[in-house]
Structures are given as structure tokens and as C-alpha cells.
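Enquirer: The following comprises the amino acid sequence and a computationally predicted model.
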Amino acid sequence: MFLTLALLRKGIPGKQWIGKYRRPRAITWQMKRNMLKHLEREAENEYWISRPFMTRDQEFCHAAERRAQSWLQIRDSKFSTFPEHKYITDHLSHLNISKKWSS
């Protein structure tokens, strides 16, 4: 059936670049060159990733002190902008003009 359709049909139905029966793209020399560059870059990345800079023992908790310092800095910057405590006496002090009921 597929062979009959391929032989008898005049063209690709619908959009020619998408779908199940799409037109195959021609591979150009630029495509080959770009793919080779991509594969070489990937191989180089794999090479450098496979050779760690530090051993596992050196890497364990190597940034703990720096992270603690940065957390303290962030916490202090948040607390510096935090408003001071307000008490209910400050809010209601305008009502305390005369104390006629206490005398």
C-alpha cells in the first residue's frame, strides 16, 4: 500500500516540512560542518567534566564557611530594613489626654 501511494501520488499532502509524510531535507555541507563542530565541542566538554579539579575529600564542605558568611550577610541586610517594634501604648497614646476617671 505504501509503495502504491509513493508511486502514484503526485506530491506531499499538506505542509511539506511537517507531519508524518513530510519531505526529507537535503543534508548540506554546512549542516555537516556544524554537526562536527557541535560533536567536537561536546567531546571537549566531556573530557573536562571527567577530570575533576578537586578530589571528593577536598570537595566535601569546601564552601561551607563562604556560604555561612553569605547567609549572615543576607540575613543582616534583611534585618537592617526591618521596622522597629511598635507597642499598643504608642498607638493609643493620643487617647491619654485627660484621666478624669482616675482622679
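Expert: Thanks, I have it. Numbering: from 1, shown residues only.

Enquirer: helix/strand/coil for Glu84?
Expert: For Glu84, the secondary structure call by DSSP: H, G, I helix; E, B strand; the rest coil comes out as coil.

Enquirer: residues near it, how many?
Expert: When counting by other CB atoms under 10 Å, one arrives at 4 neighbours for Glu84. From N, CA and C alone the C-beta is placed, and that goes for glycine too.

Enquirer: end-to-end on stretch 11-24?
Expert: Between the opening and closing residues of stretch 11-24 lies a distance of 12 Å (CA to CA, to the nearest Å).

Enquirer: Other residues contacting it?
Expert: Counting by CB atoms under 8 Å, 6 or more residues apart in numbering, the neighbours of stretch 11-24 from elsewhere in the structure are Arg25.

Enquirer: what is the rounded mean pLDDT of that stretch?
Expert: Confidence over stretch 11-24, taken as the mean pLDDT, stands at 81.
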